[in-house]
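Asker: sequence and predicted structure below; questions after.
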Amino acid sequence: MNIALVGLPKSGKTTIFNALTRSAAATDKYAPPASAPNVGVVQVPDARVTKLSELYQPKKTIYAQIEYRDYPGIFSSHAENPDNALFSDIKANEGFVLVLRAFADGELEELYPAGPALQQLSTFEEEMILSDQIVAEKRLEKIELGYKRGVKTPAIQFEEKILFQVCEHLQSGQPLRTLQLHPEEEKALRGFRFFSQKPILVLINCSEDDYHALDELKQEIAARGYTAEVIAGRFEEELSKLDSEEAKLFMEDMGIRESIRDRFTSLGYSMLDYISFFTVGEDEVRAWTIEAGDNAVTAAGKIHSDLARGFIRAECFRYADLLEHGSEKHLREKGLFRLEGKEYIVQDGDIISIRFSV
């Protein structure tokens, strides 16, 4: 899973990146915006993996991972000629975390004007839509040029039809996340990796003093269709440097139960509509991440392409059942071991072994 931290320059993205990854990337407000992203990989804390490792005593225990990519400020007045390679890299991520500056800093506002948080969100929405519209219109121009040269296939005509829908939707000021598409249409658009098609979580980055005073702003953002969270970025960065006991005391003072590092797992999975399944054995206990609604063949392909290609059956049982009954032997005795076919929809917490032949 890879998630991009995006937003205007000096909105606190790197501070939050440090809090999430326990990194020490520079956050000097007087330094010019970076030219390349900071990248950090963290393990997804999952008590189920820990328990499975205790039960099976494997040689290796592998937790799921999240890769965070902290990008320089985009869609800003300072970026008159945005780097296409950078934009392409950003769009390759599975989801976006948009950081809004909601802390007061007069010097920053002079150096990198941002305006109120809602204005920042509106600017980002407009620029995403405009960027996608330019991409779609350029592709339509190429299709039209191809027609004049005699290149007119059913696949291209199908693509053209969808792109007209895309342009119409974008021209109405709506992001592509809200455009209803059939699976075949979504597949035809996949290669464009449109900005406004990506799932977005909005983080309202504020000072410690304002942490409990932004419920109204959070509700206004939620009314626009976004999941929004308030975060005191500097506090969270300092929290990430403490041991667990010290961190617990500081969180109690702030009135929060979990650090953003811990909360972000469920936020990220929810934003991307992801679930986890597990493989177990003497060699390895491992968590795998797939989209909710994926079938057994897709899950097999996550493990190895050969498993998907030669898929026969999936042996499945539930983590909760294993925890309740204690062993695979007892699960078999109680009929809780299942053989599932290709179309079985994998559930969060399934433990799976793939039968295959290639």
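Answerer: Good, I have the coordinates.

Asker: helix, strand or coil: sort out Cys316 for me.
Answerer: With DSSP: H, G, I helix; E, B strand; the rest coil as the basis, Cys316 sits in strand.

Asker: show the contacting residues for it.
Answerer: When contacts are counted by CB atoms under 8 Å, 6 or more residues apart in numbering, Cys316 touches 296, 337-340, 344, 350-352. In short, each C-beta sits where N, CA and C put it, glycine included.

Asker: next step: the residues you listed restricted to helices.
Answerer: Those of those mapping onto helices are Ala296, per DSSP state H.

Asker: of the contacts of Cys316, which qualify as buried by neighbour count?
Answerer: Among those, those classed as buried by 16 or more other CB atoms under 10 Å are 296, 337, 340, 344, 350-352.

Asker: hmm, which of these is lowest in pLDDT?
Answerer: Lowest pLDDT among those: Phe337, with 92.

Asker: for it, which residues are in contact?
Answerer: Counting by CB under 8 Å, 6+ apart, Phe337 touches 315-317, 328, 331.

Asker: a helix runs through Val41, doesn't it?
Answerer: No. Assignment of Val41 by three-state DSSP gives strand, placing it outside any helix.

Asker: burial measure for it, as a count.
Answerer: 10 (other CB atoms under 10 Å).

Asker: can you tell me how far it is from Leu267?
Answerer: Distance, Val41 to Leu267, using CB to CB, to the nearest Å: 17 Å.

Asker: what's the answer for Gly255, then?
Answerer: Relative to Leu267, and taking CB to CB, Gly255 is found at 19 Å.

Asker: same check on Lys198?
Answerer: Relative to Leu267, Lys198 is positioned 15 Å away (criterion: CB to CB).

Asker: check Gly106 too.
Answerer: As judged by CB to CB, Gly106 and Leu267 stand 31 Å apart.

Asker: who has more neighbours out of the two?
Answerer: Set side by side, Gly106 and Leu267 show more neighbours around Leu267, with 17 against 7, by other CB under 10 Å.

Asker: hmm, that one is touching Glu229, no?
Answerer: Yes. Under the criterion of CB atoms under 8 Å, Leu267 makes contact with Glu229 at 6.7 Å.

Asker: tell me, what's touching those two both at once?
Answerer: Joint contacts of Leu267 and Glu229 (CB under 8 Å, 6+ apart) are Leu201.

Asker: each with direction, which strands does the helix or strand where Ala228 lies pair with?
Answerer: In the assignment (DSSP states H and E), Ala228 maps to strand 227-231. Paired neighbours of strand 227-231 in the sheet (DSSP bridges): strand 200-205 (parallel).

Asker: list of residues touching the partner strand?
Answerer: With CB under 8 Å, 6+ apart, strand 200-205 has contacts from 11-12, 15-16, 95-103, 117, 121, 177, 214, 217-218, 221, 226-233, 267-268, 271.

Asker: at 6 Å instead, please
Answerer: Residues from elsewhere that reach strand 200-205, judged by CB atoms under 6 Å, 6 or more residues apart in numbering: 12, 96-100, 102, 214, 221, 226-231, 233, 267, 271.

Asker: which of those residues are buried, as a PyMOL select command?
Answerer: Restricted to buried positions by 16+ other CB under 10 Å, the PyMOL selection for those reads:
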select buried, resi 12+96+97+98+99+100+102+214+221+226+228+229+230+231+233+267+271
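
Asker: care to break the chain down by domain?
Answerer: 2-43+63-122+199-271, 126-196, 293-356 (automatic domain parsing).

Asker: next SSE after the helix or strand bottoming out on mean pLDDT in the chain?
Answerer: The helix or strand of the chain with the poorest confidence is helix 84-91; it has a mean of 81 (mean pLDDT, DSSP states H and E). Following helix 84-91 in sequence order, the next helix or strand is strand 95-101 (DSSP H and E).

Asker: now that next one: average pLDDT?
Answerer: Averaging pLDDT along strand 95-101 gives 94.

Asker: take the buried ones among the contacts of Cys316 and lay them out in a markdown table including distance to Leu323.
Answerer: Formatted as a markdown table, the buried ones among the contacts of Cys316 follow (distance: CB to CB, whole Å):
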| residue | distance to Leu323 |
| --- | --- |
| Ala296 | 22 |
| Phe337 | 15 |
| Glu340 | 20 |
| Tyr344 | 22 |
| Asp350 | 13 |
| Ile351 | 11 |
| Ile352 | 16 |
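
Asker: of these, which pair is most distant in space?
Answerer: Across these, no pair lies farther apart than Ala296 and Phe337, at 14.8 Å, counting by CB to CB.

Asker: before we move on, the earlier item: wait, which of the contacts of Cys316 is closest to Glu110?
Answerer: Nearest to Glu110 among those: Asp350, at 54.2 Å, using CB to CB.

Asker: looks like the closest one contacts Phe277 (just checking).
Answerer: Yes. Using CB atoms under 6 Å as the test, Asp350 is close enough to Phe277 to be in contact (4.5 Å).

Asker: does the nearest residue to Gly341 once chain neighbours are set aside have beta-bridge partners, and which?
Answerer: Of all residues not flanking Gly341 in the chain, Arg313 sits nearest, at 6.5 Å (CB to CB, 6 or more residues apart in numbering). Here Arg313 sits in beta bridges with Arg355, going by DSSP bridges.
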